[in-house]
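K.L.:
model this:
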Amino acid sequence: MIVQILAFPAESLCRSFGKARKSSGHHLRRLPLPPERQENEMRSLNPPSIARPFAAYAHGVELPAGARLVVTSGQLALAPDGSVPEGAEAQARLCFANCAAILAEAGMGPADVVRINAFVTDRAHMAGYMAARDAWLSGVTRLPASTLVIVAGFTRPEFLVEVEVTAARP
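P.N.:
This next block holds a predicted model:
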């Protein structure tokens, strides 16, 4: 999706919110669109003006117009037989396997993922989660955006990790 950004002068914004300010005569101005590229291409966004991602993810992902989206619910490390593996890395691997199964139902896979949201119950679980995420994304050339949050817990105390993904295909 190519988005054209509109810039509003401060006076216009103040009027929009009911504050009276003397108009300086400025009007809306259009900022330039990004450089042309293939219409069906997803693009990682890592502006050089901010710090580089410190792990295997992109700061943002731009989707082409008309892309088909799949959004998963958060996946906990629950196997089909009801078992829960021990350890954050094993749980994260199962979470990603569950996400992969959902994506496969839509004809998609890890290369189509544009965003990962993950949750762990302790800072100590970050390394295991990140190892599983990096393994799941190995071979993916355009990395997704990613967020990892430390939370107080999940519905059952044995769960250490939860993962949800958003995927798109042009």
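
K.L.:
CA only for contacts and neighbour counts going forward, please
P.N.:
Noted.

K.L.:
which helix of this protein spans the most residues?
P.N.:
helix 88-105 (DSSP state H).

K.L.:
Put the alpha carbons of that helix into CSV.
P.N.:
C-alpha atoms of helix 88-105 as CSV (Å, rounded to 0.1, in the frame of the first residue of the first chain):
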residue,chain,number,x,y,z
ALA,A,88,10.6,-21.1,26.8
GLU,A,89,12.4,-22.1,23.6
ALA,A,90,10.4,-25.4,23.3
GLN,A,91,7.2,-23.5,24.0
ALA,A,92,8.1,-20.8,21.5
ARG,A,93,8.8,-23.4,18.8
LEU,A,94,5.4,-24.9,19.4
CYS,A,95,3.8,-21.4,19.3
PHE,A,96,5.4,-20.8,15.9
ALA,A,97,4.4,-24.2,14.7
ASN,A,98,0.8,-23.4,15.6
CYS,A,99,1.1,-20.1,13.8
ALA,A,100,2.5,-21.9,10.7
ALA,A,101,-0.4,-24.3,10.7
ILE,A,102,-2.9,-21.4,10.7
LEU,A,103,-1.0,-19.7,7.9
ALA,A,104,-0.9,-22.9,5.9
GLU,A,105,-4.7,-23.0,6.0
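
K.L.:
buried ones in it?
P.N.:
Buried residues in helix 88-105, counting neighbours by 16 or more other CA atoms under 10 Å, are found at 88-100, 102-103.

K.L.:
excluding its backbone neighbours, what's nearest residue 60?
P.N.:
residue 45 (4.7 Å; CA to CA, 6 or more residues apart in numbering).

K.L.:
Got phi/psi on the one you found?
P.N.:
Dihedral angles of residue 45 (phi, psi; degrees, to the nearest 10) stand at phi -120, psi 110.

K.L.:
what about the helices in the chain?
P.N.:
Ranges of helices in the chain, per DSSP H, are 10-16, 88-105, 126-136.

K.L.:
Looking at those helices, which is nearest to residue 159?
P.N.:
Comparing the helices of the chain against residue 159 with CA to CA, the closest turns out to be helix 88-105 (7.8 Å).

K.L.:
Just list whatever residues bridge to residue 69.
P.N.:
Taking DSSP bridges as the rule, residue 69 bridges to residue 168.

K.L.:
how about the strands in the chain?
P.N.:
Assigned by DSSP state E, the strands in the chain fall at 6-7, 29-30, 43-45, 60-62, 68-71, 75-76, 113-120, 145-150, 161-169.
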